[in-house]
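[1] below are the sequence and a predicted model; questions follow.
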Amino acid sequence: MTSAAKQLLWSERYSIGVADIDTQHQALLDILNILNRTAEKELDTRRAKDLLWAIFEELNEYAAYHFLTEEKLLQDTLPTENATAKHIAQHRKYWVTIAEFKTRYREGDGRVVSDLVKFLNTWWIDHILGMDMQMGAELNRKGVF
């Protein structure tokens, strides 16, 4: 894949209409872009893989902060909505998958880096354009922008 294909540039297409969440999504895409650029480099050495893993951990920390922000907003604004439970469940499933990648990394799986980068790029874009767009529409209907 070329660098251009891995560049995740923010556009209004990703805006869910809730300013704080949109700002956080922009930051997540920025971290993913750093991860993508790092993954494109030669990663044969342990040091290079450790660098990539450090960026991945930064993404995890920001993802945790982001998920807490979304979940609090959902629970405060749409506490009885079925979509709220589904959204939170999707966040939990994300962490289960991340734990599986961490296990593969510790076990020395040679494909874990490329599989992880592919997963992260796909998951975040799908989540923003799917669940988060639905969440944004519901929040906007309740006056949250």
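    Good, I have the coordinates. Numbering: from 1, shown residues only.

[2] make it CA atoms for all contacts and neighbour counts henceforth
    Noted.

[3] show the backbone phi and psi for the spatially closest residue to Val144 that is not a sequence neighbour.
    In space, Val144 comes closest to Val18 once its chain neighbours are excluded; the distance is 6.6 Å by C-alpha to C-alpha, 6 or more residues apart in numbering. For Val18, the backbone dihedrals are phi -120, psi 110 (criterion: degrees, to the nearest 10).

[4] let me see the contact set for Val18.
    Taking C-alpha atoms under 8 Å, 6 or more residues apart in numbering as the definition of contact, the neighbours of Val18 are 136, 139-140, 144-145.

[5] can you put those in CSV and add distance to Ile34, neighbour count and secondary structure?
    Formatted as CSV, the contacts of Val18 follow (distance: C-alpha to C-alpha, whole Å; neighbours: other C-alpha atoms under 10 Å; DSSP: H, G, I helix; E, B strand; the rest coil):
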residue, distance to Ile34, neighbour count, secondary structure
Gly136, 27, 22, helix
Leu139, 30, 19, helix
Asn140, 31, 14, helix
Val144, 31, 14, coil
Phe145, 29, 14, coil
